[in-house]
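Peer 1: Give me a 3D structure for the following:
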Amino acid sequence: MKKVTFTLILLLPFIQGCGLSGAYIFFGDKAWNNYKEAIKNAQYDEAQTYVKAAYGNYKDSLTYDEKRYPMVYLKLAETSYVMRKSPSEALGWIKRGLTNVPDNQHLMAGLGKYTFYTAKLSKNDRKYEKLINEAKEHYRASLISDPLDPDFNAGLMKVFFYEIEKNKFEAKESKNKFLITQVEELFENLVDINSKSIEEARGVLAFLKADYKLAIEKLSLVLLEGYTRYEDSRSRYYLARAYVESKRYDDAVSIATDVLNNNDEDFRIRGERVIAYYLMGDTSAGALDLEWMEKKSPKYHEFYYRLGYLFYKQNLSKKAQLYLLKAYRLDGENGNYAFALGENYLLEGNTRAARKFFDRAAAAAPVGSALEKRSQQRLTEIGG
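Peer 2: Residues are numbered from 1 along each chain as shown. Presented below is the predicted three-dimensional model:
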């Protein structure tokens with residue numbers, strides 16, 4: 001009892017200065033820092049206890065003041081997302097914050113972030129486009145108040161990067177010139193800004209523009225520390241892919257393994273390790289990871305397409321067919337998948353099947369695209 005009383009006496013000036021709301025936020029921040037430390041030390045059960053405590057304290061702070069500390073709504077969004085991976089719940093906290101503190105630039109950026117997360121989950125193309133555009137507008141609104149904030153700029157760039165990569169997979173590369181221009185215009189305003197988030201974005205853009213040397217240079221500099229589980233692994237995925245494209249397979253495996261040692265459920269980075277293993281000739285290690293992928297991530301069609309195309313390039317047409325068909329059955333509207341199957345059937349000498357898939361590729365390809373032209377060329381070459 002004396003210990004508790006003494007602690008309260010010590011905290012009394014702090015509580016008087018910031019109010020009970022601020023005190024709850026203080027304890028929430030302390031629990032959140034403990035959560036991150038526990039994750040670094042692979043103490044995952046303890047981490048869950050800490051994040052729940054952080055969320056509870058942040059939530060309790062609103063009982064006493066809903067307007068004085070607008071950043072608490074971002075903290076509630078982040079902790080709730082960590083616990084339940086629900087962007088809609090996170091958006092609920094951000095919107096509540098904006099009701100109490102309208103036009104706060106940090107909350108607008110948070111609105112952009114979780115709207116973007118919602119868009120990525122959408123299965124409906126029209127809804128996806130609507131949400132993606134909303135996410136960009138929210139980030140732009142935050143930039144009106146602070147155009148040089150590195151995190152606001154990097155957040156908007158992540159939306160563009162996702163669109164660019166998606167367009168590549170869907171043979172809609174013609175849209176990417178405009179998107180890349182948008183990103184480059186953001187960088188023009190950040191010439192003297194050298195924050196980690198901006199340098200990381202420079203590396204990702206270099207990767208998406210196929211400048212793998214620059215991508216490796218930028219990303220390896222900002223990703224020096226070991227991976228921790230609460231960190232977004234996408235930039236490490238891009239770095240691993242840049243190493244693969246540069247034929248530095250050992251480095252790709254090293255990056256992927258660092259992530260998987262902390263989060264073995266990361267299917268994207270494991271898929272990249274599969275690709276690296278097969279390209280470096282370590283088929284036994286590749287097969288082990290591939291078995292995991294087929295059990296735990298059977299719908300990751302982008303990976304199965306890349307793996308099938310790898311086998312096609314190695315003249316392993318039966319293996320190629322297995323994984324290219326798997327990708328195509330998961331996403332039959334992707335013209336790149338149909339075209340790759342056509343190429344693989346040509347490799348086998350099966351012109352009838354090849355013609356069928358080149359037809360499908362031409363039909364799925366955007367009008368005037370490179371894919372449409374390649375498909376029509378193949379159909380002309382086959383004849384009949």
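Peer 1: was I right about Lys120 contacting Tyr162?
Peer 2: Yes - in this structure, Lys120 is within contact of Tyr162 by CB atoms under 8 Å, at 6.9 Å. All C-beta atoms are positioned from the backbone trio N, CA, C, and that covers glycine.
Peer 1: Which parts of the stretch 101-250 of the chain are helices?
Peer 2: 105-121, 125-145, 150-169, 176-188, 196-208, 212-222, 234-245, 249-260 (DSSP state H, counting those that start in this stretch).
Peer 1: where are the low-confidence patches of the stretch 1-150 of the chain?
Peer 2: Low-confidence segments of the stretch 1-150 of the chain (pLDDT under 70): 1-18.
Peer 1: returning to that earlier point: possible to save the helices of the stretch 101-250 of the chain as CSV with mean neighbour count and distance to Asp331?
Peer 2: Shown next, in CSV, are these (neighbours: other CB atoms under 10 Å; distance: least, CB to CB, whole Å):
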stretch, mean neighbour count, distance to Asp331
helix 105-121, 22, 15
helix 125-145, 17, 12
helix 150-169, 21, 9
helix 176-188, 14, 19
helix 196-208, 21, 21
helix 212-222, 18, 26
helix 234-245, 23, 20
helix 249-260, 20, 24
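Peer 1: The ones you listed into a markdown table, with extra columns for distance to Arg268?
Peer 2: Shown next, in a markdown table, are those (distance: least, CB to CB, whole Å):
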| stretch | distance to Arg268 |
| --- | --- |
| helix 105-121 | 13 |
| helix 125-145 | 19 |
| helix 150-169 | 11 |
| helix 176-188 | 21 |
| helix 196-208 | 14 |
| helix 212-222 | 15 |
| helix 234-245 | 5 |
| helix 249-260 | 9 |
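Peer 1: With respect to Met71, which of the ones you listed lies nearest?
Peer 2: Shortest distance between Met71 and the helices of the stretch 101-250 of the chain, using CB to CB, is found for helix 105-121: 6.3 Å.
Peer 1: now what about that closest one, what contacts it?
Peer 2: Contacts of helix 105-121 with the rest of the structure, by CB atoms under 8 Å, 6 or more residues apart in numbering, involve 70-71, 73-74, 77, 81, 87-88, 90-91, 94-95, 97-98, 101, 128, 131-132, 134-139, 141-146, 149, 151-152, 155-156, 158-159, 162.
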